[in-house]
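K.L.:
got a sequence here, can you build the structure:
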Amino acid sequence: MSISQRPAYLYRAMTAADVPAAHALSVQLKWPHRLEDWAMLQRVAQGYVVLDQERLIGTAFTCGQGDYATIGLVIVSDEYQGQGIGRKLMELAIEACGSRTAVLNATLAGAPLYASQGFVEFGYIQQHQGQALATVPPELASGQRCRPLTSADHAELIRLANAGSGLDRAAVLNDVFADVEQGVGIERDGRLCAFALMRPFGRGRCIGPVIAQGPEQARHVIAALVAQVPEAFVRIDIPADCGLAPWLEDIGLKRVDTVTQMARGTPPQATGGVHQFAPVTQAIG
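P.N.:
Alright, predicted model coming up:
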């Protein structure tokens, strides 16, 4: 088909009314997201859809987080592949970043398109999931203790998440907090220095974000959450070089996929002695 014969698809901003059709599109592609997961992203990010008459055939999101913007859920229906729809959606998502540095997690299939649009690799994210086995949390260093989190901790959790990710997490986490089932944190000298959150996602539960000073703390808070949902299906995404992968495999969370971290500029950097051991989601970072 020549360019002049191609159908005129409609590209526009996503609204809450589009969420069910967007979710149905991801189900067709066997992506695990629930309707509620799509609704959350629609609330905190700028979404775009492409329509063939009344049929939703593609999506993309840009989530502004301080000096950075994460791009995610770039989807085109299988039968509409090869028509430049994904490229157009990416152009809209990049434009929505404005002066922010764009960051995304790329599948093997999507990476060449993103590279052609100026994105450069800077790391990898591994997806681990399975029926988690209860495990004894590793011992904490002297002077540290693990405790449940409450709403009074929200401001401190945002501070830690900002430092560990290099992103401004306020809007995202203030929405996520409403969906959290369990949260645990590590205190030292009366102040939080690490935490992990667990909430419903996909086929079961998702753990993330996880912010900690080192892998020992990260393993402790993850194990504390897993102990509360014995034999449940759990997903966690981790930086490939964070040191948690062998331990996650041992407790039943097997690696099932790897995506490439890419940025259109200098990627975000952790500060303050803490690091992000698991993102909120792959789409949000």
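
K.L.:
for G204, give me its contacts.
P.N.:
232-235 (C-beta atoms under 8 Å, 6 or more residues apart in numbering). Placement of C-beta: from N, CA and C, glycine included.

K.L.:
now it: closest residue in space, sequence neighbours ignored.
P.N.:
F233 (3.2 Å; C-beta to C-beta, 6 or more residues apart in numbering).

K.L.:
okay, now the domains of the protein?
P.N.:
Using automatic domain parsing, the domain ranges for the chain come out as 3-125, 127-257+266-278.

K.L.:
now the ones you listed in a markdown table, with mean pLDDT and distance to I284?
P.N.:
Formatted as a markdown table, these follow (pLDDT from 0 to 100; distance: least, C-beta to C-beta, whole Å):
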| stretch | mean pLDDT | distance to I284 |
| --- | --- | --- |
| domain 3-125 | 93 | 6 |
| domain 127-257+266-278 | 95 | 6 |
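
K.L.:
of all these, which one comes closest to G285?
P.N.:
Nearest of these to G285, taken as C-beta to C-beta: domain 3-125 at 4.1 Å.

K.L.:
G64: which element?
P.N.:
G64 belongs to strand 55-65 when elements are defined using DSSP states H and E.

K.L.:
return the residues in contact with the residue lying closest to Q228 once chain neighbours are set aside.
P.N.:
The shortest distance from Q228 to any non-neighbouring residue, by C-beta to C-beta, 6+ apart, is to Q182 (5.4 Å). Shown in contact with Q182 (C-beta under 8 Å, 6+ apart): 148, 197-198, 225, 228-229.

K.L.:
equivalent analysis for L92, please.
P.N.:
11, 48, 60 are the contacts of L92 under C-beta under 8 Å, 6+ apart.

K.L.:
between those residues, which has the most around it?
P.N.:
Taking other C-beta atoms under 10 Å as the neighbour criterion, A60 ranks highest of the contacts of L92 with 29 neighbours.

K.L.:
just give me the neighbour total for the nearest residue to Y124 once chain neighbours are set aside.
P.N.:
Excluding its sequence neighbours, the residue lying closest to Y124 (C-beta to C-beta, 6+ apart) is A240, at 4.0 Å. As a burial measure, A240 scores 16 neighbours (other C-beta under 10 Å).

K.L.:
and if you look at the one 3 residues further on?
P.N.:
When neighbours are counted by other C-beta under 10 Å, G243 registers 15.

K.L.:
circling back to that earlier point, quick check, nearest of the contacts of L92 to Q83?
P.N.:
Nearest member of those to Q83, counting by C-beta to C-beta, is Y11, at 12.6 Å.

K.L.:
next one: phi and psi at K88?
P.N.:
Main-chain dihedrals, K88, degrees, to the nearest 10: phi -60, psi -40.

K.L.:
A270 falls within a helix, correct?
P.N.:
No. Counting by DSSP: H, G, I helix; E, B strand; the rest coil, A270 is not part of a helix but coil.

K.L.:
many thanks, I have nothing further to ask.
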